[in-house]
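In: dropping a prediction and its sequence here:
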Amino acid sequence: LDLPIEVKVGTIGRINIKIPWGCFTKQPVSIEIEEVYIIAAPVTDREYDPEKEKRLMRASKRRKLELLEKGNLLGTDAPESPNFFENLITTIMNNLQIFVHNIHIRYEDSVMGEIPFACGLCLQG
């Protein structure tokens with residue numbers, strides 16, 4: 001994403017995935033993520049380049065326009081019927097349940113000012 005923030009440390013305590021092998025279409029696939037810990041900090045080894053920023057913005061806009069135009073062009077043709085695999089993936093994604101418990105995100109900044117700064121966000125559930 002080319003953001004001025006990077007993840008210094010990231011851990012996940014546990015991931016539990018429940019897949020109903022017998023009936024994908026009737027029961028949800030559930031993903032449970034617990035004990036997420038992230039430490040973020042500003043990027044220190046990258047200089048800000050306004051020209052590069054402009055180029056990236058233009059390229060992003062160009063890609064979005066191309067996708068919109070492509071979608072409009074494809075919309076004029078007869079739509080293809082999705083195959084079995086595409087239908088199965090769509091059904092699974094529509095029924096997907098994601099649960100996240102106990103998140104701790106901490107931002108540490110010792111670069112921007114004379115006094116180091118840190119703040120955190122904890123979400124429990």
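Out: Yep, it's here.

In: buried stuff in the longest helix along the chain?
Out: Counting by DSSP state H, the longest helix found in the chain is helix 50-76. By neighbour count with 16 or more other C-beta atoms under 10 Å, helix 50-76 contains no buried residues. Glycine gets a C-beta too; all of them are placed from N, C-alpha and C.

In: what helices or strands is that helix leaning on?
Out: Applying 3 or more C-beta pairs under 8 Å, 6 or more residues apart in numbering; DSSP states H and E, we find helix 50-76 packed against no helix or strand.

In: and whichever helix or strand comes after it, how far from the chain's centre?
Out: Later in the chain than helix 50-76, the nearest helix or strand by DSSP states H and E is helix 84-95. Put simply, helix 84-95 sits 20 Å off its chain's centre (C-alpha atoms, centre = their mean, to the nearest Å).

In: give me the contacts around helix 84-95.
Out: Here helix 84-95 makes contact (C-beta atoms under 8 Å, 6 or more residues apart in numbering) with 24-25, 27-29, 82.

In: extract the CA atoms of it and return them as PDB.
Out: C-alpha atoms of helix 84-95 as PDB (Å, rounded to 0.1, in the frame of the first residue of the first chain):
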ATOM      1  CA  PHE A  84     -19.600 -25.400 -10.600                       C
ATOM      2  CA  PHE A  85     -16.300 -24.300  -9.000                       C
ATOM      3  CA  GLU A  86     -17.100 -20.600  -9.200                       C
ATOM      4  CA  ASN A  87     -20.500 -21.200  -7.700                       C
ATOM      5  CA  LEU A  88     -19.000 -23.200  -4.900                       C
ATOM      6  CA  ILE A  89     -16.400 -20.500  -4.100                       C
ATOM      7  CA  THR A  90     -19.000 -17.800  -4.200                       C
ATOM      8  CA  THR A  91     -21.300 -19.700  -1.800                       C
ATOM      9  CA  ILE A  92     -18.400 -20.400   0.600                       C
ATOM     10  CA  MET A  93     -17.300 -16.700   0.500                       C
ATOM     11  CA  ASN A  94     -20.900 -15.600   1.100                       C
ATOM     12  CA  ASN A  95     -21.200 -17.900   4.100                       C
END
